[in-house]
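Peer 1: please find the sequence and the predicted model below.
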Amino acid sequence: MRGRRRRDEDEQSRALYELSALVLNLIRSPPTPLALSDDVPPAGAASRRSRQGQISPAGFASLLLGISLALMLCGSVTFFIGFVLMPWVLGLVMLFFVAGIFSSISVFGRSILCYATAPTPPRKDIPAWKLM
């Protein structure tokens, strides 16, 4: 079970990494070709190089649609996990609240019982002039 969860997390992180790399490669401008010689390249080679780094509007829309779909799915999974764990969190909060109430009551009761059962200290006779 633990291995399966780790494998799922690895697949999710790998998919997110590949999506990020794809987006960064598309956003980054294609490198300009450097002419190392004085020769002028044929017209077909130059247009093929510049066309290779560009993306069509439909392709870009599909990319954005895929990104938004991936984010919605990840958000839905996160929401579901939070929705499932919320009763457990509320239960623990209530448990700690009740434990705090019992602790306060026991400290209060202990202070009353210890005061009532404590032996009275022997009294010293205090002169009247010190009381005034």
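Peer 2: Here it is on my side, so go on. Residues are numbered from 1 along each chain as shown.
Peer 1: what's the spacing between stretch 77-91 and its chain's center?
Peer 2: How far stretch 77-91 lies from its chain's middle: 14 Å, per Cα atoms, centre = their mean, to the nearest Å.
Peer 1: mean confidence for that stretch?
Peer 2: For stretch 77-91, mean pLDDT rounds to 91.
Peer 1: kindly export that stretch (C-alpha atoms) in PDB.
Peer 2: Only the C-alpha atoms of stretch 77-91 are listed here, as PDB (Å, rounded to 0.1, in the frame of the first residue of the first chain):
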ATOM      1  CA  VAL A  77      -7.800  15.700  -5.300                       C
ATOM      2  CA  THR A  78      -6.500  18.200  -2.700                       C
ATOM      3  CA  PHE A  79     -10.100  19.300  -1.900                       C
ATOM      4  CA  PHE A  80     -11.200  15.600  -1.600                       C
ATOM      5  CA  ILE A  81      -8.300  14.900   0.800                       C
ATOM      6  CA  GLY A  82      -9.200  17.900   2.900                       C
ATOM      7  CA  PHE A  83     -12.800  17.000   2.900                       C
ATOM      8  CA  VAL A  84     -12.000  13.500   4.100                       C
ATOM      9  CA  LEU A  85      -9.600  14.600   6.800                       C
ATOM     10  CA  MET A  86     -11.700  17.500   8.100                       C
ATOM     11  CA  PRO A  87     -13.800  15.300  10.500                       C
ATOM     12  CA  TRP A  88     -10.600  13.800  11.900                       C
ATOM     13  CA  VAL A  89      -9.200  17.300  12.500                       C
ATOM     14  CA  LEU A  90     -12.400  18.500  14.100                       C
ATOM     15  CA  GLY A  91     -12.500  15.400  16.300                       C
END
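Peer 1: could I get the buried residue list for it?
Peer 2: Of all the residues in stretch 77-91, not one is buried under the rule 16 or more other Cβ atoms under 10 Å. Glycine gets a C-beta too; all of them are placed from N, C-alpha and C.
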